[in-house]
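Colleague: Quick one, structure for this:
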Amino acid sequence: MRVLHVITGLGVGGAEQQLRLLLRHLPVHCEVVTLTEPGPVAAGIRADGTCVTHLGMAGNRDLAALPRLVRHIREGRYDVVHTHLYRACVYGRIAARLAGVRAVVATEHSLGDTQLEGRPLTRGVRALYLATERLGTHTVAVSDTVAHRLHHWGVPAPRVHVVPNGVDAAAFRFDPGARDALRARLGLAPDHLAVAGVGRLVAGKRFDALLDAVAAVDRAHLLLAGDGPERGALSARARAAGAADRVHLLGQCPGPGSPGVPQVLAAADVFVSASQEETFGLAVVEALAAGLPALYVTCPALEDLPAGAAPGARRVAPPAGALAAALAPLAAAPPLRRPVPAAVAHYDVARSARHLTALYRAAVTPPAVPAGPRAEVRTAPPPPRRAHRSASSRGAHR
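Modeller: The predicted model follows:
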């Protein structure tokens, strides 16, 4: 089976990193087209051995990119086209249909209640999304929360399948040596509380609230892994709060001179996600894989699971004062590494890859047709138990 993944860009971001991780585990031939920005994740995917083609799209209205994408799909003779992120879903679904590919899968990574990929949702965006969604065969939601949002938008339930994001737990296993090395590099004493945050530095992630909370707790330091347009504002906010020496903006991780996210989590004592709108909350699951206690404002990945699946995680209120109040007791307690909870195994990336592979196979399997009088009668496979589940996730415990 030949699968082409079409994504809007391959700079550092959650959807982009998730695609790279999945490609390592999918047991089918995959290639990637990025419409724009063949950034660090593109280099990583190529280093992993997967072909990446940059389409050179100039902007949202660069219609000349469409025939180039159609031609690429036809020449590749792909069985499945799988799109990721809004612009790629719009152009990719159209191109796949024009190229004659009928198995068109799209993953919805970033659909919030009020935003799509960090931008405000407008009627025009929603209308174009729904018009092109009908050109696909399957729409993948990364959580039950996203599936419910798609249903609310009017996407028919049988078209929506939950295939959750995955985590490579082994990559985040606690490394005491990495902890000591990074804490020494940052000048952290044994009694300093290291608070980790991970993500693109954009307003929606509410790193400003997290920074204010850390600044209010004596001997607490913020280790922020990520880069983005809010970096300058966060630096200024740390100076204004008198906490510039306790706020460590580590930049793109990994990056030139920057540690990787597993190293940052190893050096930390607690992880905090202050974002008030998430589609999954993968960084929280990664922190749990590192054995960290985690505080979060919202995390569909955990909220979709039964109580007790992640005993090391706790939901907190969003204001900075509430975050500071939750952090203060941890600053007075000795560092604690917790056992990796069941939630991490539930979101194992190999499991997600198996679900997605089963969805590909279902997408390329033609529907059963009525048999002739002398033909062998063939029955269609049974439907999934729940309309928004993929066939492969019938037994999944969510």
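
Colleague: Quick check: longest helix in this structure by residues?
Modeller: helix 349-364 (DSSP state H).

Colleague: Look at Val81 and tell me its secondary structure.
Modeller: Assigned with DSSP: H, G, I helix; E, B strand; the rest coil, Val81 falls in the strand class.

Colleague: Bridged to it, which residues?
Modeller: Taking DSSP bridges as the rule, Val81 bridges to Leu4, Val104.

Colleague: Quick check, it in contact with Val104.
Modeller: Yes: Val81 is within contact range of Val104, at 5.2 Å (criterion: C-beta atoms under 8 Å). In short, each C-beta sits where N, CA and C put it, glycine included.

Colleague: what do the two both touch?
Modeller: 92-93, 96 (C-beta atoms under 8 Å, 6 or more residues apart in numbering).

Colleague: tell me which of these is nearest to Pro190?
Modeller: Proximity of the shared contacts of Val81 and Val104 to Pro190 (C-beta to C-beta) peaks at Gly92, which lies at 51.0 Å.

Colleague: Need the contact partners of the helix or strand harbouring that closest one.
Modeller: Using DSSP states H and E, the element containing Gly92 is helix 86-98. The contact list for helix 86-98 (C-beta under 8 Å, 6+ apart) reads 6-8, 35, 57, 60, 65-66, 69-70, 73, 81, 83, 104, 106, 108, 110, 116-117, 125, 128-129, 132-133, 135-136.

Colleague: before we move on, back to that, and the shared contacts of Val81 and Val104 as TSV, adding pLDDT, neighbour count and distance to Arg149?
Modeller: Shown next, in TSV, are those (pLDDT from 0 to 100; neighbours: other C-beta atoms under 10 Å; distance: C-beta to C-beta, whole Å):
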residue	pLDDT	neighbour count	distance to Arg149
Gly92	97	32	21
Arg93	96	25	19
Ala96	97	28	24
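
Colleague: I'd like to know which of those residues is nearest to Asn165.
Modeller: Ranked by distance to Asn165 (C-beta to C-beta), the shared contacts of Val81 and Val104 are led by Gly92 at 19.8 Å.

Colleague: if we can go back for a sec, have a look at Val81 and Val104 and say which one is more surrounded.
Modeller: Val81 (29 against 25; other C-beta atoms under 10 Å).

Colleague: So for the more buried one, what's the pLDDT?
Modeller: Predicted confidence (pLDDT) for Val81: 98.

Colleague: Same check on Gly11?
Modeller: 85.

Colleague: Among the contacts of helix 86-98, name the ones in strands.
Modeller: 6-7, 81, 83, 104, 106, 108, 116 (DSSP state E).

Colleague: Redo those as TSV? Include distance to Pro164.
Modeller: Formatted as TSV, these follow (distance: C-beta to C-beta, whole Å):
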residue	distance to Pro164
Val6	21
Ile7	18
Val81	22
Thr83	18
Val104	21
Ala106	16
Glu108	12
Leu116	19
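
Colleague: Buried ones among the residues you listed?
Modeller: Neighbour-count burial (16 or more other C-beta atoms under 10 Å) applied to these gives 6-7, 81, 83, 104, 106, 108, 116.

Colleague: Those residues: which two are farthest apart?
Modeller: Across those, the longest distance by C-beta to C-beta is 20.8 Å; it joins Val81 and Leu116.

Colleague: re the thing from before, quick check, nearest of the ones in strands among the contacts of helix 86-98 to Pro339?
Modeller: Glu108 (32.7 Å).

Colleague: how near is that closest one to Ile7?
Modeller: For Glu108, the distance to Ile7 (C-beta to C-beta, to the nearest Å) stands at 13 Å.
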